[in-house]
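Enquirer: Need coordinates for the following:
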Amino acid sequence: MGSTRTAWQVLLAVLLRQRRPRHFHVQSEVPLSAEPPRADYLLLRNDAPGEVREPAGTLRRLWSLLPRETIVEFKSVRRTYRGRDLDRLWGYLSLHYASAGKRLRARADLAGVVLLPSRTRSLDADAAALGLEWLDLAGGYWQLQSGAFALYVVELATVAKDEGDDLLHLLGHGEARTVEARRWLAEQVGAEESAMAMRELEGFDEVLRTLLTKLPIEALLPALPVDELLAALPPEQRLAGLPPEQRAAGLTPEQRLAGLPPEQRLAGLPPEQRAAGLTPEQRLLLAPDETLRLLPDDYLRSLPEDIRAQVRARIGRPL
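Expert: Next comes the predicted model:
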């Protein structure tokens, strides 16, 4: 459990393995997660004397609730809350408190916050399993009571509506509905620091699609490469405005004809090109129905079964 392993731990592992009940297995130095614990955000409160306190521009009711340090977990529209995420956050809080030393004198100096579009059944189930009780703080803010640390849940969709915050609406719904939100999102995508941080992450294409549904591609060209912008567009928007020859450029003949019915594939071809590569029996199917009806039945019966069936259907008599 400590950061330094001792010889006594090795001896205890040997003792446990030698004298354990047979239905137990003993493992030592076991990683408890596939990845090292890493919080989304850590908020540090500065209450130094003389520090000027300015009103918050977002999540206005949250900041006054927070103690000296706060671990924040964000659940987005694309990757929303999943079962046991609350257990993971409690683990982060306990680990952070245990390693803080004298910086955090009491558990009241540390809190957790979950930001998510809206409450989910899996979150409610986890809270109930942990014995936590919901306290409605109004306007989309909740407190989960009866835990070792203060814990707050913020429903971004509700808070955005209640506080008139278009940027929170963007994060809560994944939709830039106002000019302010679209301008802010474009600025962040265009900024070198944030763009580099986002480019390799899951959801970056979704961010670009959100922008491109509201802004012309020319508005983003100074900030992002053309290939990244085009990759975020659906195929019909990539091809919009191109003449037919440019849309088909680079396609093989098979790709150009894929999906077309036979009559459209042959449209515009002279008769000799339509019949090129066909067997004599297959060429017979290119003849009009009137010509097929003049052919003797003995000849028609000699045709391959698949050709004969098509002729029979066209001339309307048994063969």
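
Enquirer: Out of the helices and strands in the chain, which is least certain?
Expert: Least confident helix or strand of the chain, by mean pLDDT, DSSP states H and E, is helix 226-232 with a mean of 57.

Enquirer: so what secondary structure elements neighbour the biggest helix by length in the chain?
Expert: If you go by DSSP state H, the chain has its longest helix at helix 85-100. Helix 85-100 makes packing contacts with strand 69-74, strand 110-116, helix 121-129 when contacts are defined by 3 or more Cβ pairs under 8 Å, 6 or more residues apart in numbering; DSSP states H and E. In short, each C-beta sits where N, CA and C put it, glycine included.

Enquirer: Could you export those to a markdown table, including columns for mean neighbour count?
Expert: Formatted as a markdown table, those follow (neighbours: other Cβ atoms under 10 Å):
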| stretch | mean neighbour count |
| --- | --- |
| strand 69-74 | 20 |
| strand 110-116 | 22 |
| helix 121-129 | 15 |
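
Enquirer: Quick one: closest of these to residue 80.
Expert: Closest approach to residue 80 among these (Cβ to Cβ): strand 110-116, 6.1 Å.

Enquirer: how about the residue most central in space within the chain, secondary structure?
Expert: Centroid-nearest residue in the chain: residue 78, 4.2 Å away (criterion: Cα atoms, centre = their mean). Following DSSP: H, G, I helix; E, B strand; the rest coil, residue 78 is assigned to coil.

Enquirer: For residue 138, grab phi and psi.
Expert: Phi and psi for residue 138, reported as degrees, to the nearest 10, are phi 80, psi 150.

Enquirer: Let me fix that, I meant to ask about residue 42.
Expert: phi -120, psi 120.

Enquirer: So it is in contact with residue 71, correct?
Expert: Yes: counting by Cβ atoms under 8 Å, residue 42 does reach residue 71; the two are 6.0 Å apart.

Enquirer: From residue 103, how far off is residue 282?
Expert: 85 Å (Cβ to Cβ, to the nearest Å).

Enquirer: which intervals of the stretch 201-319 of the chain have sub-threshold pLDDT?
Expert: The stretch 201-319 of the chain contains residues with pLDDT under 70 at 201-242, 244, 246-250, 255-257, 259-260, 262-267, 271-272, 274-275, 319.

Enquirer: can you do 50?
Expert: The stretch 201-319 of the chain contains no residues with pLDDT under 50.

Enquirer: Apart from its neighbours in sequence, what residue is nearest residue 172?
Expert: residue 156 (3.2 Å; Cβ to Cβ, 6 or more residues apart in numbering).

Enquirer: can you pull the contacts of the one you found?
Expert: 115, 116, 117, 118, 140, 168, 169, 171, 172 (Cβ atoms under 8 Å, 6 or more residues apart in numbering).

Enquirer: Run through the residues that contact the first one.
Expert: By Cβ under 8 Å, 6+ apart, residue 115 lies in contact with 72, 73, 74, 75, 154, 156, 171.

Enquirer: Surely residue 308 touches residue 299?
Expert: No: the pair residue 308 and residue 299 does not pass the contact test of Cβ under 8 Å, sitting 10.3 Å apart.

Enquirer: who has more neighbours, these two?
Expert: residue 308 (15 against 10; other Cβ atoms under 10 Å).

Enquirer: mind checking how far the more buried one is from residue 294?
Expert: Using Cβ to Cβ, we find residue 308 at a distance of 16 Å from residue 294.

Enquirer: same question, residue 49
Expert: Residue 49 is 109 Å from residue 294, by Cβ to Cβ.

Enquirer: repeat for residue 63
Expert: From residue 63 to residue 294 the distance is 92 Å (Cβ to Cβ).

Enquirer: The two: which has the busier surroundings?
Expert: Ranked by neighbour count (other Cβ under 10 Å), residue 63 and residue 294 place residue 63 first, with 14 against 8.

Enquirer: So for the more buried one, what's the pLDDT?
Expert: The model reports residue 63 with a pLDDT of 95.
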